[in-house]
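Chemist: Provide a 3D model corresponding to the input given below.
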Amino acid sequence: MFALAAAATAAVLAQSARAEAWRQLSGPEISAALSSRTLGYPDGTMQDFRPDGSTLAGQSAGSWRVDGDHYCSKWPPSDTWSCYAVAAQGLDIRFTAGDGGVTVGRYADLN
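Modeler: Numbers count the residues shown, from 1 in each chain. Purely as a prediction, here's the structure:
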């Protein structure tokens, strides 16, 4: 009986771990995840991703695009695009820079 209960518990924990794992997004998935959406960040900043490639974060206006399987953004006065791998977990979206820096936002329009 104990072995059956332990096996059932292990199965539930394994399923929970899979359900909570970050899932890397492809280019088309990144577009679908961000276009016409709003993410909120831990510092209180809200970022709108518009379908035309413009993005607003706080009082700053920039541009965004998908390049391969990466989200890229450009914020004036810089003309340089910075690109990030994107993963999803529930309502959270994680952006990982090439140097390993991570930013996590949460859908503010789905809470």
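
Chemist: Checking the residue nearest the centre of the chain next. Helix, strand or coil?
Modeler: Nearest to the geometric centre of the chain sits I93, at 1.9 Å (CA atoms, centre = their mean). Secondary structure, DSSP: H, G, I helix; E, B strand; the rest coil: I93 is strand.

Chemist: In contact with it: list those residues for me.
Modeler: 33-34, 39, 86-87, 104-107 (CB atoms under 8 Å, 6 or more residues apart in numbering). From N, CA and C alone the C-beta is placed, and that goes for glycine too.

Chemist: Quickly list what it is bridged to.
Modeler: Each beta-bridge partner of I93 is listed here, defined by DSSP bridges: A88, G105.

Chemist: Can you give me the pLDDT of it?
Modeler: Note on I93: pLDDT of 98.

Chemist: try E20
Modeler: 74.

Chemist: ditto for the one 10 residues further on
Modeler: Turning to I30, the model gives it a pLDDT of 98.

Chemist: Are we agreed that it is in a strand?
Modeler: No - I30: not assigned to a strand; according to three-state DSSP it is helix.

Chemist: That one against D67, yeah?
Modeler: No - under the criterion of CB atoms under 8 Å, I30 is not in contact with D67, lying 9.6 Å apart.
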